[in-house]
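> what follows is a predicted structure for the sequence shown.
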Amino acid sequence: MSKTKGLGQRITGKAKQAVGEIVGDQDLHEEGKEQAEPGRDEQGGKPGELNPLKKLNQLT
């Protein structure tokens, strides 16, 4: 799996988690959580990489 596919899988999983939480569907929330994990692993398991303010914090 490529990094791009991993990112797409992670985004899809996180979206499912959010929708599941909003509508109160625990199964959908858990499904999203399971889907997001392999995507995170494929990206190197570094959650900070998706932080858009990371470089800003380094500049200040």
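Arrived safely, thanks for sending. Numbering: from 1, shown residues only.
> any idea how far L28 lies from I22?
With the distance defined as C-beta to C-beta, to the nearest Å, L28 ends up 10 Å from I22. Bear in mind the C-beta positions are built from the backbone N, C-alpha and C, glycine included.
> check contacts around the closest residue to D27 other than its chain neighbours.
Nearest residue to D27 in three dimensions, chain neighbours excluded: G20, at 7.2 Å (C-beta to C-beta, 6 or more residues apart in numbering). Counting by C-beta atoms under 8 Å, 6 or more residues apart in numbering, G20 touches 26-32.
> helix, strand or coil for G20?
Secondary structure, DSSP: H, G, I helix; E, B strand; the rest coil: G20 is helix.
> distance check, it against P38.
Between G20 and P38 the distance is 18 Å, computed by C-beta to C-beta.
> going along the chain, name the helices of the protein.
Using DSSP state H, the helices of the chain run over 3-23, 26-42, 54-59.
> turn the ones you listed into a markdown table, including mean pLDDT.
Formatted as a markdown table, those follow (pLDDT from 0 to 100):
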| stretch | mean pLDDT |
| --- | --- |
| helix 3-23 | 89 |
| helix 26-42 | 82 |
| helix 54-59 | 62 |
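> I'd guessed G6 sits against Q35; true?
No: using C-beta atoms under 8 Å, G6 is not in contact with Q35, being 11.1 Å away.
> rewinding a little: which one (most neighbours) among the contacts of G20?
G32 (22 neighbours; other C-beta atoms under 10 Å).
> residues contacting the residue nearest to that residue when sequence neighbours are not counted?
With C-beta to C-beta, 6+ apart as the criterion, G32 has its nearest non-adjacent residue at 2.8 Å, and that residue is K16. Taking C-beta under 8 Å, 6+ apart, we find K16 in contact with 28-29, 31-32, 35.
> cool, thanks, signing off.
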